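S.K.: sequence? don't have it. structure:
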Ligand SMILES: NC(=O)c1ccc[n+]([C@@H]2O[C@H](COP(=O)([O-])OP(=O)(O)OC[C@H]3O[C@@H](n4cnc5c(N)ncnc54)[C@H](O)[C@@H]3O)[C@@H](O)[C@H]2O)c1
Ligand SMILES: N[C@H](CO)Cc1c[nH]c[nH+]1
Ligand SMILES: [Zn+2]
């Protein structure tokens with residue numbers, strides 16, 4: 001049974017805070033394990049990666065097998081049906097069309113003092129894309145990572161994807177081919193993140209690591225940040241549904257289960273202004289769990305982290321949702337646009353009863369790599385910008401330097417940084433000596 005809460009309960013605030021604080025992905029034991037794995041890969045490179053892959057993915061590989069060969073990719077792609085390939089291509093095209101709009105503009109202007117200023121965007125040189133593969137397989141995540149990277153213009157794209165028991169999903173390889181990925185490595189978990197960040201004999205290090213993963217992957221990305229850039233913490237999936245009584249309880253139930261089935265650590269929450277509707281959804285979830293293929297995972301996630309919260313009205317629902325800052329927010333209410341306007345913190349919002357979150361996982365166009373564990377308070381879903389950085393540009397004329405230089409000299413003196421002041425003064429003195437512009 002999930003956690004049942006109501007904002008009219010006397011101890012609501014205490015229970016709600018406890019729900020928010022539930023540790024799903026940053027427990028110290030996960031972090032300790034990850035620290036050891038990263039240190040091992042840094043020290044022993046491929047040998048460590050091979051041993052850890054044997055341990056966690058039950059697969060014995062050699063250094064030559066770490067990377068998928070062209071022949072293997074060819075053979076696996078040949079196994080993909082025409083229908084599956086077509087679905088991947090539709091998804092890829094929609095994702096590309098959405099992300100192209102994110103390409104930022106360079107800017108350059110001359111201000112009234114004569115200084116020419118601006119910025120220029122450029123892509124990172126190499127990106128490592130993590131594609132999860134432990135409990136489920138994610139061809140969709142290949143597209144969601146690689147397409148924005150390609151749109152940004154990243155020259156080198158490397159994917160890591162675990163293949164537990166040696167089983168590779170052909171659609172993952174096909175998605176990588178459609179998206180134009182350069183290198184694919186059959187490794188996962190913290191060891192893959194460490195290999196991408198620090199490099200091994202087989203894997204050249206990258207500059208930026210993106211992509212979702214389980215608690216070990218999320219903790220590893222946190223740890224390598226600084227050596228490389230990362231996109232965000234995109235850990236175990238979450239969905240928060242705000243639904244009024246005019247919905248079909250079964251629709252809401254399967255939406256909640258759609259994220260619960262990712263991982264025992266996933267979290268699904270319903271907020272409703274009608275207690276009886278909440279009960280009906282709970283019953284519908286139980287019924288669906290009797291037959292759902294992944295009922296073991298989804299059932300544990302729902303029992304441990306699931307919640308149904310009854311609120312007095314939808315304004316209260318929006319406030320509580322902002323405190324969750326969920327990865328996915330579904331608004332199944334009469335006026336979803338109006339309610340959406342009251343929400344600030346969410347990775348992605350799905351408006352209206354005919355917009356199940358799953359449509360965003362695969363095909364709508366926006367990215368499905370999204371911030372979890374309340375990090376939507378300060379970060380956003382993966383975008384083209386995650387693969388780019390901005391360089392500022394400044395160009396002074398003698399006239400511009402004469403105009404704004406003295407204030408710089410003054411500030412340098414105030415900071416007691418003499419050479420700073422002198423580097424401006426040396427030029428101002430020359431100008432005062434009558435050198436023309
Ligand atoms: N937030 C997002 O944008 C988003 C998108 C897609 C998927 N997800 C999430 O990604 C996750 C995918 O998880 P997954 O497990 O299927 O695949 P995964 O690839 O993330 O994790 C599998 C790897 O975890 C490592 N691992 C497993 N148990 C370990 C242990 N005890 N110690 C050390 N390492 C261990 C292994 O190396 C294994 O290769 C799910 O939580 C899903 O909800 C999130
Ligand atoms: N819901 C996941 C993000 O949390 C993305 C995904 C991929 N495939 C299915 N779902
Ligand atoms: Zn999903």
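M.R.: Now that the structure is in, tell me what you want to look at. This structure is a prediction, so every number in the text was calculated from the model and none was measured. Ligands and ions are numbered 1, 2, ... in the order given.

S.K.: can you pull up the residues of the stretch 51-200 of the chain that come close to ligand 1?
M.R.: 56-57, 132-136, 138, 141, 162, 188-190 (CB under 6 Å from any ligand atom). Yep, even glycine has a C-beta here, placed from its N, CA and C like the rest.

S.K.: for the closest residue to residue 239 other than its chain neighbours, give me its contacts.
M.R.: Nearest non-adjacent residue to residue 239, counting by CB to CB, 6 or more residues apart in numbering: residue 259, 4.0 Å away. The neighbourhood of residue 259, defined by CB atoms under 8 Å, 6 or more residues apart in numbering, consists of 237-239, 266-268, 328, 357.

S.K.: tell me where the model's unsure across this structure.
M.R.: Along the chain, the model assigns pLDDT under 70 to residues 23-26, 434-437.

S.K.: if we can go back for a sec, so which of the residues of the stretch 51-200 of the chain next to ligand 1 are in helices?
M.R.: Secondary structure from DSSP state H places 56-57, 141, 189-190 of those in helices.

S.K.: for these, pick the one with the most neighbours.
M.R.: Highest neighbour count within those: residue 190, with 30 neighbours (other CB atoms under 10 Å).

S.K.: residue contacts, the closest residue to ligand 2 within the stretch 301-437 of the chain?
M.R.: Proximity of the stretch 301-437 of the chain to ligand 2 (CB to the nearest ligand atom) peaks at residue 361, 3.5 Å away. Remark: with contacts taken as CB under 8 Å, 6+ apart, residue 361 is in contact with 140, 258, 368.

S.K.: show me what from this protein comes close to ligand 2.
M.R.: Residues of the chain lying near ligand 2 (CB under 6 Å from any ligand atom): 138, 140-141, 237, 259, 327, 361, 368.

S.K.: mind putting these into CSV with distance to residue 117?
M.R.: Formatted as CSV, the residues of the chain next to ligand 2 follow (distance: CB to CB, whole Å):
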residue, distance to residue 117
138, 43
140, 41
141, 39
237, 43
259, 45
327, 38
361, 42
368, 37
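
S.K.: of those, closest to residue 302?
M.R.: Taking CB to CB as the measure, residue 302 lies nearest residue 259 of those, at 10.0 Å.

S.K.: ok, now how distant is the closest one from residue 279?
M.R.: As for residue 259, its distance to residue 279 is 21 Å (criterion: CB to CB, to the nearest Å).

S.K.: list the buried residues for the longest helix anywhere in the chain?
M.R.: Using DSSP H to define each element, the chain has its longest helix at helix 82-100. For helix 82-100, the neighbour count (16 or more other CB atoms under 10 Å) marks 85, 87-88, 91-92, 94-96, 98-99 as buried.

S.K.: try stretch 40-53
M.R.: Buried-residue list, stretch 40-53, by 16+ other CB under 10 Å: 40-42, 45-46, 48-50, 52-53.

S.K.: can you check stretch 200-212 too?
M.R.: Result for stretch 200-212 [16+ other CB under 10 Å]: buried residues 200, 202-203, 205-212.

S.K.: where do the helices sit along the stretch 151-300 of the chain?
M.R.: 170-179, 189-198, 215-224, 249-260, 275-289, 295-305 (DSSP state H, counting those that start in this stretch).

S.K.: just name the most buried of the ones you listed.
M.R.: Stretch with highest mean neighbour count among these: helix 189-198 (a mean of 28; mean count of other CB atoms under 10 Å).

S.K.: what is the neighbour count of whatever residue of the stretch 51-200 of the chain ends up closest to ligand 2?
M.R.: Nearest residue of the stretch 51-200 of the chain to ligand 2 (CB to the nearest ligand atom) works out as residue 140 at 4.5 Å. By other CB under 10 Å, 22 other residues sit near residue 140.

S.K.: quick one: it and residue 91 touch, right?
M.R.: Yes - at 6.7 Å, residue 140 counts as touching residue 91 under the criterion of CB atoms under 8 Å.

S.K.: any residues in contact with both of the two?
M.R.: Applying CB under 8 Å, 6+ apart, one finds that residue 140 and residue 91 are jointly contacted by residue 362.

S.K.: please parse the protein into its domains.
M.R.: Residue ranges for the domains of the chain, per automatic domain parsing: 3-24+236-364, 28-107+123-233, 396-432.

S.K.: off-centre distance for stretch 369-376?
M.R.: Averaging C-alpha positions (CA atoms, centre = their mean, to the nearest Å) puts stretch 369-376 7 Å from its chain's average.

S.K.: pick out the most distant pair among the ones in helices among the residues of the stretch 51-200 of the chain next to ligand 1.
M.R.: The span of these, defined through CB to CB, is set by 56 and 141 at 18.9 Å.

S.K.: separation between the residue in the chain that ligand 1 sits nearest to and residue 163?
M.R.: Using CB to the nearest ligand atom, the single residue of the chain nearest to ligand 1 is residue 189, 2.1 Å away. Distance, residue 189 to residue 163, by CB to CB: 12 Å.
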